[in-house]
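Peer 1: A predicted structure for the sequence below; I have some questions about it.
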Amino acid sequence: MRIGRLAGAVLAAGAGVAAQSSTCADGLYMIVARGTNEDDGPGSMGELADRVAGRIQGSQVVGLEYPATFVDPFYAESVEAGAEAMREIVTRYHSDCPGSYFAVMGFSQGAQLTGDAFCGGTGVLTRNDPLPSNIVQENVVAIVLFGDPAHTTEAPYNHGTSTNDGIFARHDIGVCQDYADRLVSYCDTGDIYCDRGDDRDVHGQYVAEYGDDVFNFIVGRYDEMLRSPPSNSSGSSSGSDDEAAAGTYLPSLVVAVVPMLVAALMM
């Protein structure tokens, strides 16, 4: 079932709204980040998330609240707001529900912000720090990305047929690689955002094409973590160096504008 109490209270940084107490799931707590211009809630991934919730009793599905816009606010602002909202909801749930497990799914812009939240900003458009690694290692069952504009071809967690980088390819996949046992990123040839292709239809077909694989992956990972709970870890990711990142942020932003505009014209 979908219970949005925690997600509905978690807004972009600076919104001045305090988060309410979370409702801890007996099963799996699933956070779903919709794509650009999709309706509020879990968007096109909703049925897949509900299917997982039906298999893992006591699970909850929440749609991440963030702008999910291309303009008003501008895409980069929307991604940053979404990444901050994701960091907030994950951190708060970890604090309020110790020992609980959760999974995250993101599509398109939702995939990019999810990657930013867990792995840090791409260096193109965004440069936020990642979530502490101990939270991910101890509590996160699965991270699923569909059609991520930050897709990088050499990543070991890639799935699908793509052989090209996305329009906002991630410069450093070091943190992401640490989560390769629980992170999967789907991108197919022709996708205009994650593969720099020219086929608009490909971008919307991931749930239909890979839904069964993702269902089995999440359920399998959940069962595995129940059998062998991870030991507590005191380590945390140090994140990116702000001064170093600042030196590359503006040039990267300029480079990103052209493919972004081209992709927008194809929407």
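Peer 2: Sure, I can see it.
Peer 1: Name the nearest residue to residue 109, ignoring sequence neighbours.
Peer 2: residue 36 (4.5 Å; CB to CB, 6 or more residues apart in numbering). C-beta coordinates here come from the backbone N, C-alpha and C atoms, glycine included.
Peer 1: From residue 163, how far out is the one you found?
Peer 2: Relative to residue 163, residue 36 is positioned 24 Å away (CB to CB, to the nearest Å).
Peer 1: Is residue 105 located within a helix, as I assumed?
Peer 2: No: looking at residue 105 with DSSP: H, G, I helix; E, B strand; the rest coil, it is strand, so not inside a helix.
Peer 1: Tell me which residues touch it, please.
Peer 2: Each residue near residue 105 by CB atoms under 8 Å, 6 or more residues apart in numbering is listed here: 30-33, 42, 45, 48-49, 114, 143-146, 214.
Peer 1: run the last query once more with 6 Å
Peer 2: Residues in contact with residue 105 (CB atoms under 6 Å, 6 or more residues apart in numbering) are 32, 45, 144.
Peer 1: Find the nearest non-adjacent residue to it, please.
Peer 2: Nearest to residue 105 is residue 144, by CB to CB, 6+ apart, at 4.4 Å.
Peer 1: Just the mean pLDDT for stretch 136-149, thanks.
Peer 2: Regarding stretch 136-149, the rounded mean pLDDT is 98.
Peer 1: Start and end of that stretch, how far apart?
Peer 2: End-to-end distance for stretch 136-149, by CA to CA, to the nearest Å: 22 Å.
Peer 1: Could you list the buried residues of that stretch?
Peer 2: The neighbour-count check on stretch 136-149 (16 or more other CB atoms under 10 Å) flags 136-149 as buried.
Peer 1: immediately after the worst-scoring helix or strand of the chain on mean pLDDT, which helix or strand?
Peer 2: Lowest on mean pLDDT, DSSP states H and E among the helices and strands of the chain sits helix 5-9, with a mean of 40. Later in the chain than helix 5-9, the nearest helix or strand by DSSP states H and E is strand 28-33.
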